[in-house]
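Chemist: next one to model:
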Amino acid sequence: MRRAFTLIEVILALAIFIIMSAASLGVGRAILVHEREEQFFNQLISDWNQLRQHIKANDDKGWMTVTERLVKFQEQGALGASSYALALPDSLRVVPIGGQTDGDVKTSKLQYKFFGTGAVDSGTVVFQRGSGKFVRVVVLMQWGVMVRKDG
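Modeler: Now for the predicted structure:
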């Protein structure tokens, strides 16, 4: 009757531990990437809504411009001009106008104007996630409501 583990048993236990740790790192990294993308989309819609409300309240005009690495919000009115930018996560990319997606919906515009009278440009911006899936952000006509559509 023995009282200790053999060297082979210890090495096997360590190998199993290392394999399980490596697998959980991959899953954890994917979860973090997905969470950063979700935060970006939530912030994009929130910032657009704030810009829309501020412009309507002050009868100003504003723009949202989507570039390869950021979304820029600009406002111009009686009190002057201001702007700020929202950076895209590294895993997310903008599908350019005419770019290939998995369906018929493509990016139609990369700059949207909004005026205090309520008139707004409508269109679609398509983003591709790090996982390869596509997310559409649609700016609807009239009051410029922004809607996110996955898939």
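
Chemist: for K72, what are its contacts?
Modeler: By C-beta atoms under 8 Å, 6 or more residues apart in numbering, the residues touching K72 are 63-65, 83-86. Yep, even glycine has a C-beta here, placed from its N, CA and C like the rest.

Chemist: now with 7 Å, please.
Modeler: Applying C-beta atoms under 7 Å, 6 or more residues apart in numbering to K72 gives the contacts 65, 83, 85.

Chemist: which residues does the second one form a beta bridge with?
Modeler: Counting by DSSP bridges, S83 is bridged to Q74.

Chemist: tell me the confidence at it?
Modeler: Looking at S83, its pLDDT is 87.

Chemist: so it touches Q74, yeah?
Modeler: Yes: here S83 lies in contact with Q74, judged by C-beta atoms under 7 Å, at a distance of 4.2 Å.

Chemist: please say which of the two ends up with more neighbours.
Modeler: For S83 versus Q74, the count of surrounding residues by other C-beta atoms under 10 Å is larger for Q74: 17 against 12.

Chemist: hmm, that one is touching W63, no?
Modeler: Yes: counting by C-beta under 7 Å, Q74 touches W63, with 4.6 Å between them.

Chemist: which residues are common contacts for those two?
Modeler: By C-beta under 7 Å, 6+ apart, no residue touches both Q74 and W63.

Chemist: which residue ranges of this structure form strands?
Modeler: Taking DSSP state E as the criterion, the chain carries its strands at 61-66, 70-77, 80-87, 93-95, 111-115, 123-128, 134-139, 146-150.
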